[in-house]
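S.K.: Dropping a prediction and its sequence here:
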Amino acid sequence: MHLATLPASYFDGTSARAHAVTLQLQGDALHIQGVGIDRSIALREVQWPERTRHGLRIAHFAGGGSVRGDDAAAWDAWRRDGGHTDSLVVRLQQSWRGVLASALALLAVVVVLQQWGIPWAARAVVAATPMRVDRSLGETSLAAIDQHLMHPSELPAAEQNRIRQALTQALRTLPSAATPHWQLVFRRSRIGPNAFALPGGTLVLTDELVELVGHDTQVITAVLAHEMGHVRHRHGVRMLVQATVLGGLGAVFLGDFNTLLASVPVLLGQASYSREAEREADAEAVRILRAASISPAVMVTLFDKLAEKAQRATQGKDSASQAGAWLGIAFASHPTDADRVRFFKEAAYPSR
Ligand SMILES: [Zn+2]
């Protein structure tokens, strides 16, 4: 068996003098050989360096001393040849940039292999993505949305609390394992009555929507229950993964997470959830409403009000709603289709 050697500098731990040596991994030991030097150090005594992209590699020994490699790439290759790869988990944990990059890389491969399996693949990738990625994406998006589309809410704190309390109460009826982390924030919007969920579980509700439904807490709870469906199924991140790869952007963004992060608000703005995602969120809404003894019929009332509002907008009397049409993930930004209305009617008044 060929055992790779690596030229390195050895420091004995007492003097600053560098000794030219070669390193060799054999069994459970690291062998260091040079002029007048022949040491064997058990691997458990070796503190291997973090793998950074550039720079030196220095390994320290528990009993004193160290070795230094000046060629990071050669060092890493030598370590790999010695069978000392970092475990997959360790590598994934190195950074969430890495996590997302590997998720996207995985997805890119899957897309090539299985062109028609993209929604399925996105689901798998999302399942493997840590929740902190969702939260970071959500925070970035909210900052951008606040900057361009929102003002602070003017809803009295007491009413905000009442709405938050109603949702808490409705969710309490479900098994706690089925309820993801969430928070509700209020905004006065420049885009008319709307509500949306951001990756990571932040629900945004606009004052205008509260006003549109006449401050009816049951209707508001229904909207938020639908948004909770998007949170529970992580539709935001799933959509981003799909949009990124389907748009052919995957390769560009691989390894450049900041670019991706910067474009997230744009992606969230342009793309909208798939019909399937909307169906999943609607099903979740019905589940939550039923558990909280609220009739799913309240959703039908809401759809009617939004339709009226949209009609006024197309007559040019309501520019705010028109401006809002671009925020694709928001509740009121896509036209209600007859199937969804039928779904809630059916849930409210099951035919026998
Ligand atoms: Zn939705």
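M.R.: That came through fine.
S.K.: how near is Ala74 to Ala307?
M.R.: Distance, Ala74 to Ala307, by C-beta to C-beta, to the nearest Å: 67 Å. The C-beta positions use only the backbone N, C-alpha and C, and glycine is treated the same way.
S.K.: One more: Ala195?
M.R.: 16 Å.
S.K.: Please apply the same query to Ala18.
M.R.: Ala18 sits 77 Å away from Ala307, going by C-beta to C-beta.
S.K.: now do Val35
M.R.: Separation of Val35 from Ala307 (C-beta to C-beta): 86 Å.
S.K.: who's more crowded, those two?
M.R.: Ala307 (14 against 8; other C-beta atoms under 10 Å).
S.K.: looking at this, the more buried one is in a helix?
M.R.: Yes - using DSSP: H, G, I helix; E, B strand; the rest coil, the assignment for Ala307 is a helix.
S.K.: Can you check the pLDDT for Val111?
M.R.: In this model, Val111 is scored at 59, pLDDT.
S.K.: Let me fix that, I meant to ask about Leu198.
M.R.: At Leu198, pLDDT is 92.
S.K.: hang on, isn't it packed against Ser141?
M.R.: Yes - if you go by C-beta atoms under 8 Å, Leu198 and Ser141 touch, sitting 5.1 Å apart.
S.K.: Excluding chain neighbours, give the residue nearest to Arg44 in space.
M.R.: When the adjacent residues along the chain are set aside, Arg44 lies closest to Asp28, with 7.7 Å between them (C-beta to C-beta, 6 or more residues apart in numbering).
S.K.: ok, how many other residues are close to the one you found?
M.R.: Neighbour count of Asp28, defined by other C-beta under 10 Å: 10.
S.K.: And it, its phi and psi?
M.R.: Dihedral pair for Asp28: phi -100, psi 20, per degrees, to the nearest 10.
S.K.: Then Arg188?
M.R.: Arg188 adopts backbone torsions of phi -90, psi 130, taken as degrees, to the nearest 10.
S.K.: residues touching it, list them.
M.R.: Contacts for Arg188 (C-beta atoms under 8 Å, 6 or more residues apart in numbering) come out as Met150, His151, Pro152, Ser153, Glu154, Thr206, Asp207, Glu208.
S.K.: Quick check: what element follows the helix or strand encompassing Val210 along the chain?
M.R.: Following DSSP states H and E, one finds Val210 within helix 207-212. Later in the chain than helix 207-212, the nearest helix or strand by DSSP H and E is helix 217-232.
S.K.: Could I get the buried residue list for the helix or strand encompassing Ala77?
M.R.: Secondary structure assigned from DSSP H and E places Ala77 in helix 72-81. Residues Ala72, Trp75, Asp76, Trp78, Arg79 are the ones in helix 72-81 that count as buried (16 or more other C-beta atoms under 10 Å).
S.K.: What's the separation between the first one and Arg79?
M.R.: Spelled out, that is Ala72. 11 Å.
S.K.: now do Ile32
M.R.: For Ile32, the distance to Arg79 (C-beta to C-beta) stands at 15 Å.
S.K.: next one: Val223
M.R.: Per C-beta to C-beta, Val223 is found 54 Å from Arg79.
S.K.: Equivalent analysis for Gly65, please.
M.R.: From Gly65 to Arg79 the distance is 19 Å (C-beta to C-beta).
S.K.: Thr217 now?
M.R.: 60 Å.
S.K.: hmm, who's touching stretch 272-288?
M.R.: Taking C-beta under 8 Å, 6+ apart as the rule, stretch 272-288 contacts 119, 170-171, 173-174, 221-222, 225-230, 232-233, 235, 238-239, 296, 299, 328-329, 333-334, 340, 343-344, 347.
S.K.: The same query, at a cut-off of 7 Å, please.
M.R.: 170-171, 174, 222, 225-226, 228-230, 232-233, 235, 239, 296, 299, 328-329, 334, 340, 343, 347 (C-beta atoms under 7 Å, 6 or more residues apart in numbering).
S.K.: Stretch 38-53 too?
M.R.: So stretch 38-53 is contacted by 28-32, 57-63, 76, 86 (C-beta under 7 Å, 6+ apart).
S.K.: Tell me where the stretch 101-250 of the chain is predicted with low confidence.
M.R.: For the stretch 101-250 of the chain, applying pLDDT under 70 flags the ranges 102, 105-121, 243-250.
S.K.: how about the strands in it?
M.R.: For the stretch 101-250 of the chain, the strands defined by DSSP state E, counting those that start in this stretch cover 150-152, 183-189, 195-198, 202-206.
S.K.: Indicate which one of those is closest to Asp134.
M.R.: strand 195-198 (8.6 Å; C-beta to C-beta).
S.K.: helices or strands up against that closest one?
M.R.: helix 131-149, strand 202-206, helix 217-232 (3 or more C-beta pairs under 7 Å, 6 or more residues apart in numbering; DSSP states H and E).
S.K.: With just CA atoms, put it into PDB.
M.R.: Extracted as PDB, the C-alpha positions of strand 195-198 are listed here (Å, rounded to 0.1, in the frame of the first residue of the first chain):
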ATOM      1  CA  ALA A 195     -50.900  39.100   4.600                       C
ATOM      2  CA  PHE A 196     -47.900  36.800   4.000                       C
ATOM      3  CA  ALA A 197     -45.500  34.400   5.700                       C
ATOM      4  CA  LEU A 198     -41.700  34.700   5.300                       C
END
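S.K.: neighbouring strands for it, and are they parallel or not?
M.R.: Counting by DSSP bridges, the strands paired with strand 195-198 are strand 202-206 (antiparallel).
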